[in-house]
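> Using only what follows, build the 3D model:
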Amino acid sequence: MLSYIVRRLLLLIPVFFTVSIIIFGIIHLVPGDPVDNLLRIGSTPEQKAIITARYGLDKPLVEQYLLWLGNMAQGDLGDAIVMRRPVSALLAQNIPFSLRLGAAALLFSTLLGIAAGTLAAIYKDSRIDQSIMAGILLGSTLPSFWLGLLLILLFSVQLGWLPVSGARSWQAIILPVLTIGLGGTALVARVTRIAMLETMQKDFVLLLHAKGLPARRIQLRHVLRHALMPVVTILGLRIGWILGGAVTVEFVFARPGLGTLLIKALNQHDYPVMQGCLLMLAIAVMLGTLIGDLVQAAMDPRVRQAMT
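All right, here's what the predicted structure looks like:
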């Protein structure tokens, strides 16, 4: 198992460099100049050139990337051009909010998705199954920002039960968690249902039925346990995608977090902040995939053998 972990960690190194190049390249293709936000009305081209040189934006892109990479290796993500604060400090201030939201949404979608998928598989082709599948289809097609606005309209504006925005109380996280979690619930439920139906056709399940074990015990203790393998993989990917999906949701609910910081930096064309936010989101996806692979390898020795 240790050798498998080491190999998986080594595979992340080229992925990280590739992702960093893509992030750096895409950001510098975005129209706009962050220096324009620092200039006063009537500033001369010479003044703009001085500010551009101060932040190293006059250097070739390859040199800028190498400088950014070298500083990042030392733990320095640079300074925000417009907000004039260290990027690491801005990330440290906003990441906890995104992590709390992401963890709550992941827990909600996991528990509800596994329960819904299990019920749909147990009552296959019944009205329960059809109702759950209809809900899964609806939940997987609704855009998160549109769902968030609907929830605000219903629970905040019409009923007045929950706050519209902010993060000052625990009630403020409920609607964002529902907005992010419902889409993930649909995915987890669909994967759980398919995996359980496939596992029910295995020979060991027929043997358990032949031994006279109760059907519910077989489904919940044996079939579900084996069916969780693909679900674990999906959950590993969801760790990163939930943080990425929180970008629009945090903006809709006016919550602090990586999403709000990223959108603010996009509006200001603040390159260092955009690079830092996107890099954190990419690292979250990579770590989520790694965690999913390690858990899957711990549950199934065949996965470890495939890497040898």
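> quick one: low-confidence parts of this structure?
In the prediction, the chain carries residues with pLDDT under 70 at positions 1, 32-33, 36-43, 236-237, 240-245, 299-308.
> Got phi/psi on the closest residue in space to Ile283 that isn't next to it in sequence?
Spatially, and ignoring its direct neighbours in sequence, Ile283 is nearest to Phe16 (7.7 Å; C-beta to C-beta, 6 or more residues apart in numbering). Any C-beta I mention is one placed from the backbone N, CA and C, and that applies to glycine too. For Phe16, the backbone dihedrals are phi -60, psi -50 (criterion: degrees, to the nearest 10).
> How about the contacts made by Phe16?
The contact partners of Phe16, by C-beta atoms under 8 Å, 6 or more residues apart in numbering, come to 282-283, 286.
> try 10 Å this time
279, 282-283, 286 (C-beta atoms under 10 Å, 6 or more residues apart in numbering).
> Weed out the non-buried ones from those.
Buried members of the contacts of Phe16, counted by 16 or more other C-beta atoms under 10 Å: 279, 282, 286.
> which residues in the stretch 201-308 of the chain form helices?
According to DSSP state H, counting those that start in this stretch, the stretch 201-308 of the chain carries its helices in the segments 203-210, 215-217, 224-252, 258-268, 271-299, 301-306.
> Ser144 is nearest to which of those?
For the helices of the stretch 201-308 of the chain, the distance to Ser144 is smallest for helix 224-252, at 5.6 Å, taking C-beta to C-beta.
> what packs against that closest one?
helix 87-122, helix 144-151, helix 174-199, helix 258-268, helix 271-299 (3 or more C-beta pairs under 10 Å, 6 or more residues apart in numbering; DSSP states H and E).
> Buried residues of whichever strand or helix holds Ile26, list them for me.
Per DSSP states H and E, Ile26 falls inside helix 2-29. Neighbour-count burial for helix 2-29 flags 4, 19-20, 23-24, 27 (criterion: 16+ other C-beta under 10 Å).
> Then stretch 282-296?
Buried residues in stretch 282-296, counted by 16+ other C-beta under 10 Å: 282, 284-286, 288-296.
> Pick the one among the residues you listed closest to Lys59.
Taking the buried residues of stretch 282-296 together and measuring to Lys59 by C-beta to C-beta, the closest member is Ala282, at 23.8 Å.
> Spatially, which residue comes closest to that closest one, not counting chain neighbours?
Ala282 sits nearest to Val19 (C-beta to C-beta, 6+ apart), 4.6 Å away.
> How much space separates Val191 from Val232?
10 Å (C-beta to C-beta, to the nearest Å).
> again with Leu142
In terms of C-beta to C-beta, Leu142 sits 25 Å off from Val232.
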